[in-house]
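>>> Take this sequence and fold it.
(2 chains)
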There are 2 protein chains.
Amino acid sequence: MNTTTLTVTGMTCGHCEKAVERAIKQLDPAAEVKADRTQNKVEIKSNQPLTALTAAIQEEGYTVTN
Amino acid sequence: MNTTTLTVTGMTCGHCEKAVERAIKQLDPAAEVKADRTQNKVEIKSNQPLTALTAAIQEEGYTVTN
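Numbers count the residues shown, from 1 in each chain, chains lettered A, B, ... in the order given. Modelled structure (predicted):
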């Protein structure tokens, strides 16, 4: 699987990290994902296209800046 | 039911409001509860003792200051 690190702003608490991780897992159950609000980073292993990963996070209300 | 407004700090996003509301509803399914992170307020209608309401919110990781 491809590994991507997205820069994501707007994650203010642990629930937000979980919401982002859940959105990626819903898109791709085989994905591995770790959100870190302190770094504004979401590390994702998935074969889904980057546009789909980004869209899933944006739909949760967060901003992807890369 | 008694109406109480608690001052609660640490709610940073909508998920936090929901977590607080859920904790109160779990303690007392008959309760009415509205959390407002912008005001640091949680308004609760419930007949549960204040100590129990406060404890439920603290167990979620938030601070009750009244």
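
>>> neighbours around the residue nearest to A:Lys41 when sequence neighbours are not counted, how many?
Leaving aside its sequence neighbours, A:Lys41 sits nearest to A:Thr5 (CB to CB, 6 or more residues apart in numbering or on different chains; 5.7 Å). To be clear about C-beta, it is placed using only N, CA and C from the backbone, and glycine gets the same treatment. The tally of other residues near A:Thr5 (other CB atoms under 10 Å in any protein chain shown) stands at 13.

>>> Looks like A:Thr5 contacts A:Val42 (just checking).
Yes: between A:Thr5 and A:Val42 a contact is recorded at 7.1 Å, counting by CB atoms under 8 Å.

>>> How about the contacts made by the closest residue to A:Thr54 other than its chain neighbours?
Excluding the flanking residues, the one nearest A:Thr54 by CB to CB, 6+ apart is A:Val64, at 4.7 Å. By CB atoms under 8 Å, 6 or more residues apart in numbering or on different chains, the residues touching A:Val64 are A:Leu6, A:Thr7, A:Val8, A:Thr54, A:Ile57, A:Gln58.
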